[in-house]
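1. Mind looking at a prediction? Sequence and model below.
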Amino acid sequence: MGLTAGSRLGPYEIIASIGSGAMGDVYRAQDLRLGRTVALKVLPEGAARDPERHRLFEQEARAVAALNHPHICVLYDIGFDAGTEFLVMEYLDGQTLAEQLKKGPMPLERALEIGVQIVDALDKAHCMGIVHRDLKPGNVMLTQSGAKLLDFGLAELTAGTDNERTRAIPLADHAPARLVGTPSYMSPEQAKGLGPDHRSDIFSVGVVLYEMVTGRRPFQGDGLASLLTSIAHDTPPPPTRLNPLLPLRLGRIIDRCLAKDPERRYQAVDDLRRHLEGLRSDLASAARAVDRSIAVLPFADMSPNRDQAYLCEGLAEEILIALTRVKGLRVATRPAAFRFRGSDDDPIEIGARLQVSTLLDGSVRKAGDRLRVTVKLVEVGDGFCLWSERYERDMRDVFAIQDEIARAVVAALDVTVSSSDWQASQRLAIADVEAFECYHRGRLFFGKFDKRGVAFARELFDRAIAIDPGFARAQAGLADCGCYLYLYAGRNQVDLDRAIEAARRALELDPRLAEAQASLGTALSLSGRHVEAEAAFQSAIHLDPRLFEAHYFYARDSFAEGKLELAIQEYEEASRVRPEDYQAPLLVAQIYDDLGHADAARASRLHGVAIAENRLKLNPDDVRALYMGANGLVALGERELGLQWARRAVELEPDDPMLLYNVACIFSLAGQADDALDYIERAVAAGLTQRGWLEHDSNLDAIRSAPRFQNVLARLA
């Protein structure tokens with residue numbers, strides 16, 4: 001029935017139509033008795049024809065009307081006029097969450113704010129024995145006073161009508177059943193035509209949260225039957241895979257909401273609310289710490305031949321290191337900031353993703369011995385430039401430029417700096433321009449993380465030390481090269497001895513160099529000197545709690561020692577200080593599995609694979625991301641995709657023993673024993689000597705008893 005402006009239903013005068021839906025037509029109206037604006041929902045014809053349904057409707061409406069909560073749309077009254085039944089509700093001025101989501105995913109903070117308000121409202125309803133049954137973005141109104149839930153407890157009202165909300169459909173493994181709710185947001189029990197309870201609402205909250213933070217629904221289908229089958233049986237892509245910058249904790253919360261078995265979900269919406277509020281509180285605390293924080297982006301190369309990448313990154317890194325020594329200033333790590341190398345993203349977006357308040361960006365042009373450096377400091381909140389400068393100098397003045405830029409940044413941020421802070425920074429300074437160039441070229445090659453790149457990096461670090469024997473960080477770089485070559489290129493004891501010697505020399509030159517302590521710990525760990533290694537790692541963490549390498553290699557050492565709980569702790573800490581790293585979450589997952597913590601293992605793998613996927617979008621030939629991600633995929637049940645990644649890695653580096661070993665693990669997990677044994681034999685032929693890995697790696701359990709495997713062990717004895 002269509003009502004026109006000026007017509008009446010009881011004491012309510014129609015002002016205008018608001019819209020139409022499965023539940024009927026909605027109008028803005030004036031309550032002539034109380035002089036207030038209300039919303040009238042005129043129910044479909046026949047809603048009141050069944051006396052029993054009418055009685056139940058009125059009983060439920062009375063209960064809903066008693067829901068006095070700031071995030072629930074108030075039901076004032078029910079009315080009946082000339083055969084027309086209608087609801088009288090609070091009039092809300094705003095837009096639905098569904099309309100908002102047409103613009104794409106929401107900022108995390110906003111999504112959590114709305115999520116907390118939704119579950120707070122549900123908690124009130126559930127405490128009164130009311131289940132919503134049709135929670136979806138279209139039933140959430142966003143107003144100036146916050147989110148408001150609509151249509152509480154009315155899903156049964158439309159049972160038997162032919163519309164989106166309620167349909168009868170025969171399922172493949174069930175008798176024909178009546179479905180109550182909106183298909184895309186139904187729980188598995190609703191999709192199967194079973195009676196929903198309060199945990200069905202919790203599932204729907206998970207769907208809404210998923211859509212808010214990813215911009216897409218977790219379950220898809222070409223038609224209603226395939227959609228319902230997806231809800232009942234499919235595991236959706238984790239939200240952290242669609243957006244790797246989402247907190248892992250949020251992925252775990254949503255994953256638990258979307259459990260197929262109601263017994264594995266949150267059993268009370270109050271528990272869900274506490275987890276969301278805890279995450280929101282922690283993020284707010286981190287945001288407050290952002291007030292004095294900065295990310296130093298790698299400078300753009302504007303030189304004529306575009307061949308100064310090492311100089312651009314080197315300048316940015318030296319400034320970054322100087323700023324990390326300033327108390328009260330939080331500085332994004334080099335790997336986190338440098339992954340935006342060459343990015344065209346808006347500074348506001350980059351800053352938000354790095355959780356910093358300011359960005360330092362710039363460019364370098366080198367022509368002969370002349371150097372031009374242009375820098376600007378940008379406020380993330382509004383994109384305005386706080387400070388900028390251009391330096392035209394000789395190359396020999398590069399160190400003075402670094403110092404001037406760091407001091408100018410600190411002044412612009414109004415951070416108080418003690419003389420000891422600057423002295424600490426100056427201890428790191430490089431005395432010779434040529435040594436500077438060699439060192440940063442070496443860093444670029446070491447970052448390739450392959451045998452050829454690391455070998456060339458070692459030559460460059462050697463050259464830097466020959467020019468400047470007091471260059472502590474070059475000594476630490478030399479130690480890292482020795483550890484890598486020992487571990488991945490044949491276990492030559494000379495490489496390891498040299499690594500220990502270089503790390504100790506670095507500490508003689510600068511006892512407070514955390515990187516050198518971490519390098520020493522790694523070398524000692526590879527030597528089997530675990531007590532000394534642990535002491536070195538703990539010293540590194542004391543000197544710099546945010547040093548990823550200290551936590552990561554301490555975790556690996558702890559795992560080798562059988563200290564699994566400590567290994568978990570350090571892997572998780574490594575993930576915290578470098579959230580863009582895929583290695584730690586993928587490695588800790590295997591420990592969780594070994595300890596029987598299947599849910600934690602799955603969550604870590606989902607997170608690690610998501611980061612690896614994101615890494616591969618930027619660098620499709622990143623071999624380590626391919627084979628480590630492949631392991632995670634196979635363990636998660638995505639067998640074919642995992643094997644595809646593994647084969648791609650082998651195509652890129654067919655003779656790398658470490659890669660071949662890891663690919664053997666992947667094929668073993670996938671149940672392809674012959675292929676796994678082939679790769680183990682190839683790994684050993686290529687130079688793999690780590691017999692202990694073959695003896696203890698649970699990934700190889702499926703092939704451990706094979707005669708070919710035993711023959712390989714015998715060869716390594």
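-> Sure, I can see it.

2. least trustworthy helix or strand in this protein by mean pLDDT?
-> strand 166-169 (a mean of 34; mean pLDDT, DSSP states H and E).

3. Could you verify that residue 458 is part of a helix?
-> Yes. Per DSSP: H, G, I helix; E, B strand; the rest coil, residue 458 lies within a helix segment.

4. just checking, it touches residue 489?
-> No. Using C-beta atoms under 8 Å, residue 458 is not in contact with residue 489, being 11.2 Å away. (Glycine included, C-beta is placed from N, CA and C.)

5. more crowded one of these two?
-> Neighbour totals were compared for residue 458 and residue 489, and residue 458 leads with 23 against 18 (other C-beta atoms under 10 Å).

6. Just the endpoints, please. Distance across stretch 91-109?
-> 27 Å (C-alpha to C-alpha, to the nearest Å).

7. How far does that stretch sit from its chain's centre?
-> 23 Å (C-alpha atoms, centre = their mean, to the nearest Å).

8. can you check stretch 193-213 too?
-> 22 Å.

9. buried stuff in that stretch?
-> Residues of stretch 193-213 classed as buried by neighbour count (16 or more other C-beta atoms under 10 Å): 193, 196, 198-213.

10. again, but for stretch 638-658
-> 638-639, 642-643, 645-646, 648-650, 653, 656-658.

11. try stretch 508-519
-> So, applying 16+ other C-beta under 10 Å, buried residues of stretch 508-519: 509-510, 513-519.

12. Select, from those, the two members most distant in space.
-> 509 and 518 (15.6 Å; C-beta to C-beta).

13. how does the chain divide up, domain by domain?
-> 1-91, 94-288, 297-427, 461-573 (automatic domain parsing).

14. before we move on, the earlier item: any idea which of the buried residues of stretch 508-519 is closest to residue 307?
-> Distances from residue 307 to the buried residues of stretch 508-519, taken as C-beta to C-beta, are shortest for residue 515 (27.3 Å).

15. so how far is residue 435 from that closest one?
-> Distance of residue 515 to residue 435, computed by C-beta to C-beta, to the nearest Å: 17 Å.

16. re the thing from before, pLDDT, distance to residue 222 and secondary structure for the buried residues of stretch 508-519 - can I get that in JSON lines?
-> Shown next, in JSON lines, are those (pLDDT from 0 to 100; distance: C-beta to C-beta, whole Å; DSSP: H, G, I helix; E, B strand; the rest coil):
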{"residue": "509", "pLDDT": "92", "distance to residue 222": "66", "secondary structure": "helix"}
{"residue": "510", "pLDDT": "91", "distance to residue 222": "63", "secondary structure": "coil"}
{"residue": "513", "pLDDT": "91", "distance to residue 222": "59", "secondary structure": "coil"}
{"residue": "514", "pLDDT": "92", "distance to residue 222": "55", "secondary structure": "helix"}
{"residue": "515", "pLDDT": "92", "distance to residue 222": "54", "secondary structure": "helix"}
{"residue": "516", "pLDDT": "95", "distance to residue 222": "59", "secondary structure": "helix"}
{"residue": "517", "pLDDT": "96", "distance to residue 222": "57", "secondary structure": "helix"}
{"residue": "518", "pLDDT": "95", "distance to residue 222": "52", "secondary structure": "helix"}
{"residue": "519", "pLDDT": "95", "distance to residue 222": "55", "secondary structure": "helix"}
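
17. from the buried residues of stretch 638-658, which single one is nearest residue 66?
-> residue 638 (48.1 Å).

18. what about the closest one, distance to residue 327?
-> 46 Å.

19. Okay, now the unreliable bits of the stretch 451-600 of the chain?
-> For the stretch 451-600 of the chain, the stretches with pLDDT under 70 are 490.

20. do that again at 80, thanks
-> Residue ranges of the stretch 451-600 of the chain with pLDDT under 80: 451, 487-491.

21. mind listing the helices for it?
-> Secondary structure of the stretch 451-600 of the chain by DSSP state H, counting those that start in this stretch: the helices cover 451-467, 472-488, 493-509, 514-526, 530-543, 548-560, 564-577, 583-594, 598-618.

22. and the second one with helix 493-509, angle?
-> Using axes from the mean of the first three to the mean of the last three C-alpha atoms, to 10 degrees, the inter-axis angle of helix 472-488 relative to helix 493-509 is 160 degrees.

23. For helix 472-488, name the packing helices and strands.
-> In terms of contacts (3 or more C-beta pairs under 8 Å, 6 or more residues apart in numbering; DSSP states H and E), helix 472-488 is packed against helix 433-446, helix 451-467, helix 493-509, helix 514-526, helix 657-669.

24. so which of the helices of the stretch 451-600 of the chain gets nearest residue 71?
-> Of all the helices of the stretch 451-600 of the chain, helix 598-618 comes closest under C-beta to C-beta, at 29.1 Å.

25. Give me the contact list for the closest one.
-> 238, 240-242, 244, 248, 251-252, 255, 339, 575, 580-586, 588-590, 592-593, 622, 625-626, 628-629, 632-633, 635-636 (C-beta atoms under 8 Å, 6 or more residues apart in numbering).

26. Let's see that with 6 Å instead.
-> 238, 240-241, 244, 248, 252, 582, 585-586, 588-589, 592-593, 622, 625, 629, 632-633, 635-636 (C-beta atoms under 6 Å, 6 or more residues apart in numbering).

27. Stretch 668-688 now?
-> So stretch 668-688 is contacted by 490, 634, 639, 643, 655, 657, 660-661, 663-664, 667, 699-700, 702-703, 708, 712 (C-beta under 6 Å, 6+ apart).

28. Buried subset of those, written for PyMOL?
-> The command below creates a PyMOL selection of those among the contacts of stretch 668-688 that count as buried (16+ other C-beta under 10 Å):
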select buried, resi 634+639+643+657+660+661+663+664+667+699+700+702+703+712
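
29. where do the helices sit along the stretch 251-400 of the chain?
-> According to DSSP H, counting those that start in this stretch, the helices that the stretch 251-400 of the chain contains are 269-289, 309-324, 334-338, 347-354, 398-412.

30. Quick check: closest non-adjacent residue to residue 15.
-> residue 28 (4.6 Å; C-beta to C-beta, 6 or more residues apart in numbering).

31. hang on, that neighbour in a helix?
-> No. Counting by three-state DSSP, residue 28 is located in no helix; its state is strand.

32. since we're on it, how many residues are nearby?
-> For residue 28, using other C-beta under 10 Å, the count is 16.

33. mind listing what it touches?
-> Going by C-beta under 6 Å, 6+ apart, the list of residues near residue 28 reads 15-16, 18.

34. can you list contacts of the helix or strand in which residue 80 is found?
-> Using DSSP states H and E, residue 80 falls within strand 75-81. Under the criterion C-beta under 6 Å, 6+ apart, residues 9-10, 61, 64-65, 86-89 lie in contact with strand 75-81.

35. In a markdown table: these, plus distance to residue 397, pLDDT and neighbour count.
-> Below are the contacts of strand 75-81 laid out as a markdown table (distance: C-beta to C-beta, whole Å; pLDDT from 0 to 100; neighbours: other C-beta atoms under 10 Å):
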| residue | distance to residue 397 | pLDDT | neighbour count |
| --- | --- | --- | --- |
| 9 | 82 | 91 | 21 |
| 10 | 85 | 90 | 18 |
| 61 | 79 | 71 | 18 |
| 64 | 74 | 72 | 22 |
| 65 | 77 | 78 | 17 |
| 86 | 80 | 86 | 24 |
| 87 | 76 | 84 | 25 |
| 88 | 77 | 89 | 22 |
| 89 | 72 | 88 | 20 |
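
36. Narrow those to those in helices?
-> 61, 64-65 (DSSP state H).

37. so where do the helices sit in the stretch 51-200 of the chain?
-> 51-65, 97-101, 108-127, 188-191, 198-214.

38. Mind putting the helices and strands packed on helix 472-488 into TSV with distance to residue 132?
-> TSV is the format used below for the helices and strands packed on helix 472-488 (distance: least, C-beta to C-beta, whole Å):
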stretch	distance to residue 132
helix 433-446	56
helix 451-467	57
helix 493-509	61
helix 514-526	52
helix 657-669	42
